[in-house]
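>>> When you get a sec, could you give me coordinates for this:
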Amino acid sequence: MSGKPSSTLAFEPRCNPQLSMPREEFIAALADVPPKPAAMEETLRVNRGRAVGAR
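Numbering: from 1, shown residues only. Predicted coordinates for the structure are as follows:
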């Protein structure tokens with residue numbers, strides 16, 4: 001991820017190494033996702049403007 005707020009179809013294939021991987025390798029890379037952090041639900045509540053600890 002970068003600090004860029006947007007991208008283009010021309011930029012990404014040149015600068016994103018995952019987009020130059022063979023299809024099978026790309027799928028395997030996307031499938032290897034770590035578990036959510038323990039505080040993820042709390043973080044989502046705060047980001048959505050709900051009070052900390054509220055449900």
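>>> Who are the packing partners of the helix or strand bottoming out on mean pLDDT in the chain?
Across the helices and strands of the chain, mean pLDDT, DSSP states H and E gives its lowest value to helix 11-15, namely a mean of 85. Applying 3 or more Cβ pairs under 8 Å, 6 or more residues apart in numbering; DSSP states H and E, one finds that helix 11-15 makes contact with no other helix or strand. Placement of C-beta: from N, CA and C, glycine included.
>>> what comes into contact with it?
Helix 11-15 is contacted by residues 19-20 when judged by Cβ atoms under 8 Å, 6 or more residues apart in numbering.
>>> just stretch 25-35 next, same as before
Under the criterion Cβ under 8 Å, 6+ apart, residues 18-19, 21 lie in contact with stretch 25-35.
>>> and with 10 Å instead?
Contact with stretch 25-35 is made by 17-22, as judged by Cβ atoms under 10 Å, 6 or more residues apart in numbering.
>>> Show the end-to-end separation of stretch 31-43, please.
Across stretch 31-43, the straight-line distance between its terminal residues is 23 Å, by Cα to Cα, to the nearest Å.
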